[in-house]
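Enquirer: next one to model:
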Amino acid sequence: MRAIEDRRKTEIRKRILKRRDALSEAERFDKSKIIWSRVVQTWEFQQADSVMLYANFGSEVQTDLLIESTLAANKRLILPRVNPGLPDLELYFVEDISEQLAPGYCGIPEPIPERCQRTQLEEVNCVIAPGIAFDRFGGRLGYGGGYYDRLLNALSPAQARVSIGLAYELQIVDEVPQGFFDARVAVLATELRLLVENR
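Expert: Got it, this is the predicted structure:
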């Protein structure tokens, strides 16, 4: 059963990444801008004093505008760092992305520990998470490392209600295979719609 589930996940990852990578830079920018406008108007984002985001890489939904909006709204910006020797993401407050970030795991911009204040998951009021594929019920398929599944599963019930996934519409599938440790998001924002599952 596990082998079948893993095979389905692999097939979905390949199919969706191929479609996502085919988007032009201009298409990614235009779609990301619409997604940004949806997210900043959500109750989940508006109510938060601190927002955990991620610096995008590759063909992911671009998060630059969301990062700028978070700082401009005087919210505390939290960004993750992967430590390959540890199972969980390290979280840091970031105030200046030009001075406090550097290429890290897989070339993703990450906080420089010596220049940032370390924080804990309890400080997060809103989590904005990446993914390769999502379904309309909040099911999420990541890259396979389990970092965000562990983080999302560790959220309190109140925090879980304000978790948001970002995706282009082409990343939405009928059903994401869900194992015991796979986590969901409560809200999903694409360029065409905002899906709210657990508000």
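
Enquirer: so what sits opposite the most centrally placed residue in the chain in the bridge?
Expert: Using CA atoms, centre = their mean, the residue of the chain that lies closest to the mean C-alpha position is residue 129, 1.6 Å off. Beta bridges link residue 129 to residue 165, judged by DSSP bridges.

Enquirer: check it and give its pLDDT.
Expert: pLDDT, residue 129: 95.

Enquirer: quick one, what contacts residue 144?
Expert: Contact analysis of residue 144 by CB atoms under 8 Å, 6 or more residues apart in numbering lists 9, 13. Yep, even glycine has a C-beta here, placed from its N, CA and C like the rest.

Enquirer: what about the closest residue to residue 61 other than its chain neighbours, how many neighbours?
Expert: Closest residue in space to residue 61, ignoring its immediate chain neighbours: residue 166 at 4.2 Å, by CB to CB, 6 or more residues apart in numbering. Using other CB atoms under 10 Å, residue 166 has 28 other residues around it.

Enquirer: any idea how far residue 166 lies from residue 127?
Expert: Distance, residue 166 to residue 127, using CB to CB, to the nearest Å: 11 Å.

Enquirer: could you do residue 115 as well?
Expert: 23 Å.

Enquirer: looking at these two, which is more packed in?
Expert: More crowded of residue 115 and residue 127, by other CB under 10 Å: residue 127, with 26 against 14.

Enquirer: isn't there a strand covering the more buried one?
Expert: Yes - under DSSP: H, G, I helix; E, B strand; the rest coil, residue 127 falls within a strand.

Enquirer: what's it in contact with, if anything?
Expert: Counting by CB under 8 Å, 6+ apart, residue 127 has contacts 52, 151, 152, 155, 159, 162, 163, 164.

Enquirer: from the residues you listed, which is closest to residue 88?
Expert: The shortest approach to residue 88 among the contacts of residue 127 belongs to residue 151, at 6.9 Å (CB to CB).

Enquirer: that closest one reaches residue 89, doesn't it?
Expert: Yes - Residue 151 is in contact with residue 89 according to CB atoms under 8 Å; the separation is 5.6 Å.

Enquirer: now the common contact residues for those two.
Expert: residue 80.

Enquirer: now do the same end-to-end measure for stretch 43-60.
Expert: 23 Å (CA to CA, to the nearest Å).

Enquirer: okay, buried residues for it please.
Expert: 44, 45, 48, 50, 51, 52, 53, 54, 55, 56, 59, 60 (16 or more other CB atoms under 10 Å).

Enquirer: report all helices and strands that whichever strand or helix holds residue 28 contacts.
Expert: Using DSSP states H and E, residue 28 sits within helix 25-39. Contacts defined by 3 or more CB pairs under 8 Å, 6 or more residues apart in numbering; DSSP states H and E place helix 25-39 against helix 64-72, strand 163-166, strand 187-189.
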